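> Here is my input; please provide its structure:
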Amino acid sequence: MPEQAQRRAPLGQPQPQENPPDDKHALEELRHLIVGPEQKEIAEIQERLEDREQRAEDVGSVVAEAIQKRREHGGDRALSEALAPTIQETLRESVRKDPHVLADALFPVMGPAIRKSITEALRAMLESFNQALEHSLSIRGLQWRLEALRTGKSFGEIVLMHSLLYRVEQVFLIHRKTGLVLGHVVAQSVSTQDPSMVAGMLSAIQQFVADSFDARSDETLDSLNVGGLEVFVEQSPDAVIAAVIRGHAPSDYRLSMKEALEEIQQQYAAALENFEGDAGPFLTVDDRLGRLLTAQLKDKQEARKKPVAAIVAVSVIALLAIGWLGYSSYLLFEWSRFLHAVRGQPGIVVLSYAKQNGRYHIQGFKDPLAEDPAKLLAKEGIDPQNAEFDLAPFYSLDDAIVLKRAQVMLHPPASVKLTERDGQLIAEGSAEPKWIARIEERGPWIAGVHGVDISHLQNSDWVQMEPLKRLIESQVLLFPLGRAELEPGQEIKLAEAEKNIHGLLAQAGTLNEQVSLELIGHTDSTGIEASNLALSAERAARIRAALLRGGVSQATLRPRGVGASQPLRTEDSEEGRRLNRSVTLKVVFSPSTPYN
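I've put the predicted structure just below:
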């Protein structure tokens, strides 16, 4: 709080001359003197309340006492509901982080419980197994199996019905006045209904009997039969015990029920008299009721000698059954194998199949070029007469079917190999120009073909002319340095080339092919490029003129000079430069007019 009071000068010093304080200052000084300590304490309390750590420490010091006080004043249910989510989440988080902590804490309880459960399960399993093993391999066991098939019951139920003298399956403890269930125990492997509903129905039946027959209050229904079950009822002033029994229990079992009911009436007298719907005080009564869950089997008779005729009959029936099952399995296997073969066949699509009146019916689609399903049946060793196909026609896009369709429509020669991959029709080998024109024109129109590749296909006519083409193109006509006349002795090469050209032209005319001849003039790299280019053109023209004089058609010859731009050899030697001063010939085949 700001300082407001005036400060006084030390004694002995002269007081400064000033005006006396006004009334406002005097009032502030008086207020500070009166309420100053309380305001300081309030500020400390406010600071303590705003400090979370201090507040948590204050609450933590009294939380245990607060919970205890809440429970003493009857608030345990509200407290449980408030703490339950936090405790559940804490347990879940604890198990997620380290499950060993909770496992160690529950170990003393879990171990005995698990061992007891396993022991009871194994005991019940062994008893059932012993009973089934005892009766399965006997004449009686076969009779019981037939009875199970006839009645629709399980074999275990039939065995239990014939071998069980009696078994108590359920025991109810019911409050007599309200009809509410106080306790309920059930034998193992017994299916049950809602115990409250069963108890209500039993009380209703008791009331119906009392009202219908004008019975006295001490006269009640002590038993009733429901199918193969019998219900024994015993009553005390406040409780009713009802036992559900399969079979016929001895008369002394009622004595056990009465003794149990008297013991319960004596032990829980106050709880029964003050019962208002809370069954909590009766949680321990199930242990006492569990002693009433008893069972007794019929005495085992001495094994009888099995008649030989019965054994033989059973053996024959078993062999016939095994043979029939084997034959049926074989037919099923064969049919499955056939279906697998049909489904994997290109051009056939199976939509559905079924067996009716001993015949197999298959529906689907079939390409006209696909293999006949009847032939597939014959290959698999199945009589085609036992199968009926309903296959609608369609165009398959399987690679194998597309290739077969191309072969049917194009009729490739033996020298051509056709393949198909992802819609691309590929032709390899050699063929006549007429067939090459056909595949280029008709190939893309075949269903399933998107393109045609003939880059690996050679014209068979051109193949026949290949030897002469190689001879002509192998000739190199040499010229002296800087001149356009042939070197001495080159006239023989020119004459040989002229002879081969006439032969090639004659063969091309026979095959109706068009051939042209390029005359390419070359020079070495010495000199000016412009002069070299003119010189190379002049050399090519000189060879053209010589061939024209020899009778070669002017339209066939196409001279051109390339100078030193296309050397035949490197010029690191005189021989290389000499070869570059030359004229070479190149044969060019032109596609002929397409055939119709």
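
> and whichever helix or strand L261 is part of, what other elements does it pack with?
Using DSSP states H and E, L261 sits in helix 252-267. Secondary-structure packing of helix 252-267 (3 or more CB pairs under 8 Å, 6 or more residues apart in numbering; DSSP states H and E): strand 164-175, strand 229-235, strand 239-247, helix 285-290. Quick note: C-beta positions are derived from backbone N, CA and C, even for glycine.

> out of those, nearest to A495?
strand 164-175 (122.9 Å; CB to CB).

> buried sites along the closest one?
Residues Y166, R167, V168, E169, Q170, V171, F172, L173, I174, H175 are the ones in strand 164-175 that count as buried (16 or more other CB atoms under 10 Å).

> Arrange the residues you listed in a markdown table, one row each, with pLDDT and distance to G364 as further columns.
Shown next, in a markdown table, are those (pLDDT from 0 to 100; distance: CB to CB, whole Å):
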| residue | pLDDT | distance to G364 |
| --- | --- | --- |
| Y166 | 79 | 62 |
| R167 | 82 | 58 |
| V168 | 84 | 62 |
| E169 | 81 | 56 |
| Q170 | 86 | 58 |
| V171 | 87 | 63 |
| F172 | 87 | 63 |
| L173 | 87 | 67 |
| I174 | 87 | 66 |
| H175 | 85 | 70 |
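
> Would you map the strands across the stretch 401-550 of the chain?
Assignment of strands within the stretch 401-550 of the chain using DSSP state E, counting those that start in this stretch yields the ranges 416-421, 424-431, 451-459, 476-478, 514-521.

> As CSV, those strands with mean pLDDT, distance to T192 and mean neighbour count would be great.
What follows is those, written out as CSV (pLDDT from 0 to 100; distance: least, CB to CB, whole Å; neighbours: other CB atoms under 10 Å):
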stretch, mean pLDDT, distance to T192, mean neighbour count
strand 416-421, 82, 68, 16
strand 424-431, 79, 72, 18
strand 451-459, 74, 74, 16
strand 476-478, 91, 110, 19
strand 514-521, 89, 101, 20
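
> Nearest to P559 among these would be which one?
With CB to CB as the criterion, P559 lies closest to strand 514-521 of the strands of the stretch 401-550 of the chain, at 4.1 Å.

> Output the contacting helices and strands for that closest one.
helix 490-510, helix 529-549, strand 557-561, strand 582-590.

> export the ones you listed to TSV and tack on mean neighbour count?
Shown next, in TSV, are the helices and strands packed on strand 514-521 (neighbours: other CB atoms under 10 Å):
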stretch	mean neighbour count
helix 490-510	16
helix 529-549	18
strand 557-561	18
strand 582-590	18
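
> Could you say which one of the ones you listed comes nearest to L229?
Closest of the helices and strands packed on strand 514-521 to L229 is strand 582-590, at 103.8 Å (criterion: CB to CB).

> on that earlier part again, any chance of the helices and strands packed on strand 514-521 in TSV, plus distance to A321 and mean pLDDT?
Converted to TSV, these look like this (distance: least, CB to CB, whole Å; pLDDT from 0 to 100):
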stretch	distance to A321	mean pLDDT
helix 490-510	83	84
helix 529-549	98	91
strand 557-561	93	92
strand 582-590	80	86
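
> For stretch 553-570, output the C-alpha coordinates as CSV.
Below are the C-alpha coordinates for stretch 553-570, written out as CSV (Å, rounded to 0.1, in the frame of the first residue of the first chain):
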residue,chain,number,x,y,z
SER,A,553,19.5,-45.0,-118.2
GLN,A,554,19.9,-41.3,-117.3
ALA,A,555,17.0,-41.5,-114.8
THR,A,556,18.8,-44.2,-112.9
LEU,A,557,22.0,-42.1,-112.2
ARG,A,558,22.1,-39.3,-109.6
PRO,A,559,25.6,-37.8,-109.3
ARG,A,560,26.6,-35.5,-106.4
GLY,A,561,29.8,-34.2,-104.9
VAL,A,562,30.6,-34.2,-101.2
GLY,A,563,34.1,-32.8,-101.2
ALA,A,564,36.1,-33.9,-98.2
SER,A,565,33.0,-34.1,-95.9
GLN,A,566,32.6,-37.9,-96.2
PRO,A,567,36.1,-39.4,-96.2
LEU,A,568,36.5,-43.1,-96.9
ARG,A,569,39.7,-43.4,-94.8
THR,A,570,41.6,-41.3,-92.3
